[in-house]
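Trainee: Pasting a predicted model and its sequence here:
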Amino acid sequence: MCTVTFIPKNNLDFILTSNRDEDPRRASGAPDFYSRHGVTGLYPKDLRSGGTWIGVSERSRLVCVLNGAFEKHERKAEYRKSRGLIALDLLFAEHLDATLKDYDLHDIEPFTAILVDWNILLRCVELVWDGNERYITDLPMESKIWSSSPLYTPKMKSERQEWFDDFKANSKLDAKSVLEFHKTAGAETEDYGVIMDRGFVKTTSITQLEKKGSDVFMHFESLQQDVITEQRLQLS
């Protein structure tokens, strides 16, 4: 839920990759297919909340959630609802814009959601909830990196942006090279490399979603169990 890159390929296709930085004791299941109201989705499940941090559905939509908003926040002991469950609500919602505007975020921990929708043309929307206000932004179709505010200082984010800019300038932007970036960038800085390890929190998995035509391919690597899962969601 803490490092995400988005690479648009054309008016309909893209690559989105997410490194999940989490308490290594927090278990998650490999990606699988789930249905809600007759709509199929594909996502790994957080076994504590039953939600997810990344997924794709037959709504022609991808949702990816990062912890935190613009700045590091003070956590409360409890919140009304898990952000992973909100991710599922957004993933399966019939009307995206109305849901983004009207969804009840009262007593929800701050988060950043990246939503990629391709019902007409490729669209990338960022929803940021800072605990008081929601900020909804349609992003330009440009490659972008996000780093979670609770874990990464502005200086760390800036250095990570430099790694990403260098990668874009010197690499072919395909699924293989992006996955390699998510495994190796900043490897000499263990506490804030793209794969990070601070003991109590570390990168536990990498998930990559690549949309190609009417298919979305999911590549999931559990770094805890050293297992790779490959799935495909076929869209009409």
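Mentor: Happy to help now that I have it.
Trainee: ok, the residue nearest to Val227 when sequence neighbours are not counted to Asp215 distance?
Mentor: Spatial nearest neighbour of Val227, chain neighbours left out: Ala30 (7.0 Å); criterion: Cβ to Cβ, 6 or more residues apart in numbering. In this view, the C-beta of every residue, glycine as well, is placed from N, C-alpha and C. Going from Ala30 to Asp215 by Cβ to Cβ, to the nearest Å gives 19 Å.
Trainee: And Gly84, by the same measure?
Mentor: Taken as Cβ to Cβ, the span from Gly84 to Asp215 is 25 Å.
Trainee: what's the distance between the residue nearest to Val227 and Gln208?
Mentor: Taking Cβ to Cβ, one finds Ala30 at 14 Å from Gln208.
Trainee: Find residues that contact each of the two.
Mentor: Phe220 (Cβ atoms under 8 Å, 6 or more residues apart in numbering).
Trainee: who has more neighbours, these two?
Mentor: Gln208 (21 against 15; other Cβ atoms under 10 Å).
Trainee: mind listing what's buried in the helix or strand hosting that one?
Mentor: Using DSSP states H and E, Gln208 maps to strand 202-212. Under the neighbour-count criterion of 16 or more other Cβ atoms under 10 Å, strand 202-212 has 202-211 buried.
Trainee: try stretch 22-35
Mentor: Neighbour-count burial for stretch 22-35 [16+ other Cβ under 10 Å]: 22, 28, 31, 34.
Trainee: Wait, the second one touches Leu47, no?
Mentor: Just to be clear, that refers to Ser28. Yes. Using Cβ atoms under 8 Å, Ser28 is in contact with Leu47, at 5.9 Å.
Trainee: State the helix or strand in which Glu162 lies.
Mentor: Counting by DSSP H and E, Glu162 is part of helix 154-170.
Trainee: by contact count, what packs against that helix?
Mentor: In this structure, helix 154-170 packs against strand 144-147, helix 175-184, with contacts taken as 3 or more Cβ pairs under 8 Å, 6 or more residues apart in numbering; DSSP states H and E.
Trainee: so how far is Val125 from the most centrally placed residue in the chain?
Mentor: Nearest to the geometric centre of the chain sits Cys64, at 3.0 Å (Cα atoms, centre = their mean). Cys64 sits 11 Å away from Val125, taking Cβ to Cβ as the criterion.
Trainee: Cool, thanks, signing off.
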